[in-house]
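1. mind folding the following:
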Amino acid sequence: MKFLKIFFTTVAAFLILQSAHANVIGTEYQNFNPTYSGLDFTTVQSSETLKPCLCNIGLFFNYAKNTLTYSDTYYQTNTDLKGQRAKDYLIGADLNAGFGLTKNWDIGLSLPFVVSAKNDDPYGVSYFDQFGLTEVRPATKYRFYGEGDDGGLAVILSANFNTIEKNPFAGKNPGPTVNLELVGDTTTDGGTKLAWNLGYRFRNSGAQITSADLSSGIQPPFVPFKSSWVASLAMATGIDALSSDFIAELIGSHSGKFNESDTARTAQQALEINLGLRHDATKKINIHGGLGTKLANAQASPDVRAYIGLNMNFGPVCTPKPSRATEYPTAIVDNTPIGTNTATSLSMPVTAKNIEAYRYKIGSTPVMNCSDESGYSDEIPGSMSVDTDITEIPDGGITLCALAKNTSGVWQPLSKPTIYNWIKARSKPAVIKSVATPIAIVSNHPVGDSEQTELDMPVTAVNPMDYQAYRWKIGSTPQMDCTDPSGYSDEISGTQTVITSVKDIPDGGITMCSVAKNNGGVWQSFGTPTIVRWNKVAAKPNPNVIQKNGYEVFKLSAEVLFDFDKDNIRSGAQPELDKIDRYLKIKPYRKVIIEGHTDSKGADAYNMNLSQRRAVQVKKWLIEKYGVDGSKFTPKGMGETVPVDTNETDEGRQNNRRVEFKIYR
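-> Down below sits the predicted model:
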């Protein structure tokens with residue numbers, strides 16, 4: 001993160017010190033203008049705004065080939081150039097910054113630059129003599145309808161201040177261009193995001209550049225742009241295999257007149273399509289890349305466009321100011337250690353009044369400052385607990401800091417964090433005398449009565465710094481003699497685990513024997529092997545599972561997983577979801593369909609949407625909490641279409657509200 005901040009600062013300082021001096025090619029006329037907020041799409045705006053006190057910085061580069069079209073108005077005697085492309089290219093850069101002011105209002109600044117350009121124009125009227133900043137573009141967006149990322153409506157006001165000398169697209173001494181746009185977007189049941197932008201660009205163009213204004217003495221074949229309508233459409237849909245979003249954008253502008261007789265004017269009617277990918281490299285950094293082309297032979301649309309860029313989100317850099325009617329939330333962390341405790345692997349749910357999300361940090365008490373922004377985690381959904389390991393933190397005082405955000409978007413102040421303290425104590429290991437030979441240690445083996453048949457057991461040694469390999473065998477306790485070398489495996493590297501199945505061993509006592517070898521080649525004696533034992537019992541029929549022809553159905557109650565009419569998984573739902581995780585691990589599976597079901601209360605379309613969103617949230621939970629392969633899971637909303645009980649009683653409706661996993665082994 002520090003490297004990226006230094007990088008952006010260096011690039012910005014270098015580019016801002018430059019000033020473009022050109023007579024034709026400039027980013028003033030380009031359709032490719034990345035958003036300052038970095039939300040959802042690449043150049044098309046969504047209604048969503050940056051959250052209060054959050055910042056976004058973006059840097060994009062784009063290559064455009066053949067963007068200029070000659071006009072027969074100015075080259076009437078050179079008919080070979082009428083309507084022809086000028087064989088130009090441009091490499092542009094866009095440096096963007098955005099900042100969230102309130103829940104539904106943000107501001108931004110875009111600085112487009114020319115990095116390099118070339119034109120084969122035989123008349124020498126299209127060139128740069130210096131590269132750099134071409135305009136300054138401040139903007140602001142206000143969302144007046146909608147919540148979260150489900151969709152809504154917003155209005156955007158922006159302005160363009162030209163910095164290019166002798167810019168024929170802007171004219172002599174132009175005033176600012178003002179843009180007013182209406183934005184709308186929505187998210188489909190399948191998670192695809194759709195958006196449209198419609199607006200009007202009020203241009204305050206200067207007088208036309210003439211041959212007398214140029215050292216070449218040649219009349220430019222372009223005229224200042226007029227006011228125009230601007231419109232765009234966008235779609236973003238997830239590609240699970242690439243862990244990325246596919247983004248398609250259609251951008252255009254039109255003067256509103258369809259009978260333009262001047263080809264210099266008709267050439268200003270733009271239409272371009274861009275296709276690309278957005279990949280979230282981290283929770284705060286997303287990377288864009290793609291290609292585009294013209295759909296109309298206009299000045300603003302190139303034959304070929306290629307772009308790449310990234311957005312970095314950080315903050316909050318301040319404490320958001322709540323409305324008078326909104327209270328600050330206070331985070332409550334459950335299941336924290338108390339007093340002197342040896343626990344190092346922690347799972348701690350975080351709650352608060354109307355909680356939506358939280359942030360936390362944890363560390364040694366002497367170095368912790370909970371009022372310091374640095375070190376806090378990214379925003380975490382309130383339905384997820386703090387799962388962390390503090391093994392690497394020195395023994396002694398431990399401090400946990402937490403900040404909650406409520407459903408109104410208000411954060412607990414950084415100056416008033418929730419703080420928990422306890423003392424981490426070293427667990428007292430068994431005293432082991434120094435030995436010349438190694439002693440194997442088997443981890444993650446079943447204990448007591450166990451239904452588990454598929455095993456993954458690491459084998460280490462008492463002295464892990466002097467450990468190289470091991471041998472092992474496993475079987476029914478009555479038949480096992482661990483002191484007998486027969487039946488042991490070949491030598492196995494100490495970095496590999498024992499992966500085996502005991503389903504073919506009869507129910508009853510199970511014994512596993514192992515011996516270790518150290519770096520000096522000395523083996524643990526077969527006379528004193530390491531032995532672990534447990535009792536294998538037959539698996540009890542799972543009341544949640546129904547066997548079908550070709551697949552299994554595992555059912556969980558939606559009452560336990562979700563609050564009423566919500567799709568966020570409740571903090572107390574983890575034990576229930578642990579059941580499906582354990583069941584999936586019993587044996588391999590090819591695919592799993594996650595079906596969401598509702599009762600018949602409410603509109604059909606609403607129930608279908610709610611059930612789809614719930615199925616999607618369950619898939620996300622399984623990926624984030626248990627590390628499952630997302631490509632094997634397909635969420636599917638069923639709404640009220642497949643009841644398993646009557647919808648005429650409370651009990652029946654409760655049975656119908658469920659999540660089912662169709663498991664194909």
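
2. next SSE downstream of the strand or helix carrying Asn313?
-> In this assignment (DSSP states H and E), Asn313 forms part of strand 304-314. On the C-terminal side of strand 304-314, the closest following helix or strand by DSSP H and E is strand 332-333.

3. name the residues that touch that following strand?
-> Residues from elsewhere that reach strand 332-333, judged by C-beta atoms under 8 Å, 6 or more residues apart in numbering: Met348, Pro349, Val350, Thr351, Ala352, Tyr360, Val386, Leu400, Ala402, Thr418, Tyr420. In short, each C-beta sits where N, CA and C put it, glycine included.

4. verify the stated contact: the first one with Ser385.
-> Yes. In this structure, Met348 sits in contact with Ser385. The criterion is C-beta atoms under 8 Å, and the distance is 5.8 Å.

5. overlap of the contact sets of those two?
-> Joint contacts of Met348 and Ser385 (C-beta under 8 Å, 6+ apart) are Asn335.

6. show me where the stretch 301-450 of the chain has its strands.
-> 304-314, 332-333, 340-341, 345-348, 350-351, 355-364, 380-381, 386-389, 396-406, 418-424, 440-442, 449-450 (DSSP state E, counting those that start in this stretch).

7. give the pairing partners of the fourth one; include direction for each.
-> When you say that, I think you mean strand 345-348. Paired neighbours of strand 345-348 in the sheet (DSSP bridges): strand 386-389 (antiparallel).

8. now the second one
-> Strand partners for strand 332-333, identified by DSSP bridges, are recorded as strand 350-351 (antiparallel).

9. now Gln208: how far from Lys166?
-> According to C-beta to C-beta, to the nearest Å, Gln208 and Lys166 sit 11 Å apart.

10. could you find the closest non-adjacent residue to the residue nearest the centre of the chain?
-> The residue lying closest to the centre of the chain (C-alpha atoms, centre = their mean) is Asp280, at 4.5 Å. Nearest residue to Asp280, sequence neighbours excluded (C-beta to C-beta, 6 or more residues apart in numbering): Asn286, at 4.9 Å.

11. need the contact list for the one you found.
-> Neighbours of Asn286 in contact, by C-beta under 8 Å, 6+ apart: Gly38, Arg278, His279, Asp280, Leu310, Asn311.

12. is it true that Val146 touches Ser47?
-> Residue 146: Gly, not Val. Yes. Applying C-beta under 8 Å, one finds Gly146 in contact with Ser47, separated by 5.6 Å.

13. identify the contacts common to the two.
-> Contacts common to Gly146 and Ser47, judged by C-beta under 8 Å, 6+ apart, are Gly152, Leu153, Ala154.

14. what's the pLDDT at the second one?
-> Read that as Leu153. Note for Leu153: predicted pLDDT of 95.

15. give the contact list for Ile273.
-> Shown in contact with Ile273 (C-beta under 8 Å, 6+ apart): Ala248, Glu249, Leu250, Ile251, Gly292, Thr293, Leu295.

16. okay, and it sits in which element?
-> Ile273 belongs to strand 270-280, assigned by DSSP H and E.

17. run a quick neighbour tally on the nearest residue to Gly521 once chain neighbours are set aside.
-> Counting by C-beta to C-beta, 6+ apart, Gln468 is the residue found nearest to Gly521 once chain neighbours are left out, at 7.8 Å. When neighbours are defined as other C-beta atoms under 10 Å, Gln468 has 18 of them.

18. Gln468 contacts Asn518, doesn't it?
-> Yes. Shown here, Gln468 and Asn518 form a contact pair, counting by C-beta under 8 Å, at 6.1 Å.

19. returning to that earlier point: the more surrounded of Gly146 and Ser47?
-> Using other C-beta under 10 Å, the more surrounded residue of Gly146 and Ser47 is Ser47, with 28 against 18.

20. confidence score at that one?
-> For Ser47, the pLDDT comes out at 93.

21. look up how far Asp372 lies from it.
-> Applying C-beta to C-beta, the value for Ser47 to Asp372 is 34 Å.

22. count of neighbours near Ala159?
-> Ala159, neighbours per other C-beta under 10 Å, totals 17.

23. give the rounded mean pLDDT of stretch 465-476.
-> Confidence for stretch 465-476, expressed as mean pLDDT, is 94.

24. quick check: chain neighbours aside, which residue is closest to Phe472?
-> Quick fix: residue 472 is Trp, not Phe. Closest to Trp472 by C-beta to C-beta, 6+ apart is Ser514, at 4.2 Å.

25. helix/strand/coil for that neighbour?
-> Reduced to three states with DSSP: H, G, I helix; E, B strand; the rest coil, the structure at Ser514 is strand.

26. look up how far Leu277 lies from it.
-> Going from Ser514 to Leu277 by C-beta to C-beta gives 48 Å.

27. confidence-wise, which helix or strand of the protein is lowest on average?
-> strand 21-22 (a mean of 34; mean pLDDT, DSSP states H and E).

28. what strands flank the next helix or strand after that one, and is each parallel or antiparallel?
-> Next helix or strand after strand 21-22 toward the C-terminus (DSSP H and E): strand 55-65. In the sheet, strand 55-65 lines up against strand 88-102 (antiparallel), strand 304-314 (antiparallel) (DSSP bridges).

29. which of those has the lowest mean pLDDT?
-> strand 88-102 (a mean of 89).

30. and this structure, what are its domain boundaries?
-> 2-314, 332-424, 440-536, 545-664 (automatic domain parsing).

31. comparing those by mean pLDDT, which bottoms out?
-> Taking the mean pLDDT of these, domain 2-314 comes last: a mean of 77.

32. now that one, how far from the centre of its chain.
-> 25 Å (C-alpha atoms, centre = their mean, to the nearest Å).

33. picking that back up, quick check: beta-bridge partners of the residue nearest to Asp280?
-> Asp280, Asn311.

34. that one and Ser385: what is the separation?
-> Taking C-beta to C-beta, one finds Asn286 at 26 Å from Ser385.

35. what count of nearby residues applies to Val115?
-> Val115: 15 surrounding residues under other C-beta under 10 Å.

36. and the longest helix for the protein?
-> For the chain, the helix with the greatest residue count under DSSP state H is helix 604-626.

37. would you mind pulling the contact partners of it?
-> By C-beta under 8 Å, 6+ apart, helix 604-626 touches 189-191, 383-384, 387, 558, 561-562, 565, 567-569, 574, 577, 580-581, 594-602, 628, 630, 633, 635-641, 659.

38. mind listing what's buried along that helix?
-> 607-622, 625 (16 or more other C-beta atoms under 10 Å).

39. many thanks, I have nothing further to ask.
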